[in-house]
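*Asks:* What would the 3D arrangement of this be:
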Amino acid sequence: TREFRGLWVATVANIDWPTQTGLTQAAAMAEMRVILDRAQSLKMNAVIVQVRAAGDALYQSPYEPWAKALTGTQGTDPGWDPLTAWVTEAHVRGLELHAWFNPYRAGNVSDTSKLAATHLGKKRPDLMRIAEGQLWFDPGEPEVQAQTLNVVVDVLSRYDIDGVHMDDYFYPYPVGSIPVFPDDASYARYLAAGGAAMARDDWRRQNVNTFIQRLYGEVHRVKPSVKVGISPFGIWRPGSPAGITGLDAYAAIFADSKKWLENGWVDYFAPQLYWSNSSTGQNFTALLDWWILVNTQKRHVWPGLGAYRVADGTSSAFTASEITTQLAVVRARAGAAAGGASGALLYNATSVRLNKGGLADALASSSYTSMVVVPALPWLDATAPSAPALAVTVQSSALRAQWTPAGTEAARWWLVQWRTSAAWNSRLVWGGEGSMDLPFAGTLDRADVVAIAALDAAMNMSSTAVWRAAIQ
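*Replies:* Residues are numbered from 1 along each chain as shown. Have a look, this model is predicted:
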């Protein structure tokens, strides 16, 4: 009954949404609804939508320009607010909406002359660097960290999102074997200001660690029950665990992601385990088990799965069964008390939307066969809300379930369940709603039991109010 089922929606370079620039609001919203309808039909319960890809915004921002992905030109107002629509349309379907931010990417080098006047790199070019063929904000500059935190707090304050999500891009991935990042000036200023003497690489890791810790504190200061999730590169260091090879994220991109998990600076941790179960150097199960092992604070571990690799046309393409098998591996490690895996995220939405390689069909038939609720976050709030009062009236072609909240804590969601002669059914209803119709055509499909429970923002569940039809 508890499992996280997330779907990443990438907006950078129009990867998932919108599929092209310049769409009308109606066309863009039609594409949005297709993604959300697919997620709902597959009994998923969250979408992770990229709202800040490169110092720009998928919403009206006081800090940054409109995203290029919307109109084709950064800074051009599309005439509507996509994030408002995403939040509303997701909640209507019983889906959480997590806002996905990238803290430091500023664009491609080819974008340099096209940056909008309100882009931080245009206003403060001294804070921007060119590294590995891309534009980056320097994580060693305090103003850069402040900008990202201000952006996140602004979104938290104005949009009713369920989670704040960061991906794996902090310092750039190296093109060669040795990381190259032009931060001589910021490093020198750090030392001149009396910063503790440390090697450049250690200072870079400290920059990222400080930001992650501040992010976690700021989010919970503004909205205590909003989830904070990070999706780092799936390998912390080669040899962890034994036999694992590949990029050393600790040394190459200065991401000490193990430290973030061990210190509890996340509510959920989604390492990008985009490799197969048959891989030896990057084995999915071995890496998942290692991340669970180091999860000493017992946060949620929800690995990212490489759905984009299904039928991708390469010699190493996954079949749909690779993903369903990995979901079974995750589910076998779902012991919440032990800090085990209790869900997964799929990258990306296009693979699922287009049913590549029969992926959506496989998920529906074997992995996501029944509706589940997002796991609770007891370290944020362990107190369940009060159960509502429930009344059910029989209409000509529907039962109308109406409920009245109780207690002082507002419900974030209502879990409505009903039984017919065929089966039990479940639906997550947005907390602002107070009624729901259960249509029927005859006696066999008319519910004889209706139950409802309240869920708070930390996904604690109340006891259940139950109505039973009178025995005829």
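*Asks:* for the closest residue to residue 288 other than its chain neighbours, what are its contacts?
*Replies:* Spatial nearest neighbour of residue 288, excluding adjacent residues (CB to CB, 6 or more residues apart in numbering): residue 303 at 5.6 Å. Using the backbone N, CA and C atoms, a C-beta is placed for each residue, glycine as well. With contact set as CB atoms under 8 Å, 6 or more residues apart in numbering, residue 303 has these partners: 234, 270-273, 288, 291, 326, 330, 341, 344-345.
*Asks:* per-residue confidence for residue 180?
*Replies:* For residue 180, the pLDDT comes out at 89.
*Asks:* In contact with it, which residues are there?
*Replies:* Here residue 180 is in contact with 131-132, 174 (CB under 8 Å, 6+ apart).
*Asks:* From those, which shows the smallest pLDDT?
*Replies:* residue 132 (88).
*Asks:* how many neighbours does the closest residue to that one other than its chain neighbours have?
*Replies:* Closest residue in space to residue 132, ignoring its immediate chain neighbours: residue 172 at 4.4 Å, by CB to CB, 6+ apart. Using other CB atoms under 10 Å, residue 172 has 21 neighbouring residues.
*Asks:* returning to that earlier point: the residue nearest to residue 288 and residue 455, how far apart?
*Replies:* 24 Å (CB to CB, to the nearest Å).
*Asks:* Repeat that for residue 209.
*Replies:* Taken as CB to CB, the span from residue 209 to residue 455 is 33 Å.
*Asks:* Who has more neighbours out of the two?
*Replies:* Neighbours per residue (other CB under 10 Å) separate residue 209 from residue 455, with residue 455 holding more: 22 against 19.
*Asks:* rewinding a little: now rank the contacts of residue 303 by neighbours and give me the top one.
*Replies:* Highest count within the contacts of residue 303 by other CB under 10 Å belongs to residue 270, 30 neighbours.
*Asks:* Test my guess that it contacts residue 229.
*Replies:* Yes - shown here, residue 270 and residue 229 form a contact pair, counting by CB atoms under 8 Å, at 5.9 Å.
*Asks:* ok, now which ones touch residue 308?
*Replies:* Counted by CB under 8 Å, 6+ apart, residue 308 has contacts 274, 347-348, 350-351.
*Asks:* excluding its backbone neighbours, what's nearest residue 424?
*Replies:* residue 417 (6.1 Å).
*Asks:* Name all residues that make contact with that neighbour.
*Replies:* Residue 417 neighbours (CB under 8 Å, 6+ apart): 424-427, 450-452.
*Asks:* just the helices in this protein please.
*Replies:* 25-41, 68-71, 82-92, 120-123, 142-158, 184-192, 200-222, 249-252, 257-262, 284-293, 320-331, 349-353, 359-362 (DSSP state H).
*Asks:* Kindly present those helices as CSV, with separate columns for mean pLDDT.
*Replies:* Shown next, in CSV, are these (pLDDT from 0 to 100):
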stretch, mean pLDDT
helix 25-41, 98
helix 68-71, 98
helix 82-92, 98
helix 120-123, 97
helix 142-158, 98
helix 184-192, 97
helix 200-222, 98
helix 249-252, 96
helix 257-262, 98
helix 284-293, 97
helix 320-331, 98
helix 349-353, 98
helix 359-362, 98
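*Asks:* Same list, these, but as CSV with distance to residue 239 please.
*Replies:* Shown next, in CSV, are those (distance: least, CB to CB, whole Å):
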stretch, distance to residue 239
helix 25-41, 37
helix 68-71, 39
helix 82-92, 40
helix 120-123, 38
helix 142-158, 31
helix 184-192, 29
helix 200-222, 18
helix 249-252, 11
helix 257-262, 13
helix 284-293, 10
helix 320-331, 22
helix 349-353, 31
helix 359-362, 33
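*Asks:* low-scoring stretches of the protein, by residue?
*Replies:* 336-338, 472 (pLDDT under 70).
*Asks:* For the closest residue to residue 328 other than its chain neighbours, the count of nearby residues, please.
*Replies:* The shortest distance from residue 328 to any residue other than its chain neighbours is 7.5 Å, reached at residue 367 (CB to CB, 6+ apart). Residues near residue 367, counting by other CB under 10 Å, number 21.
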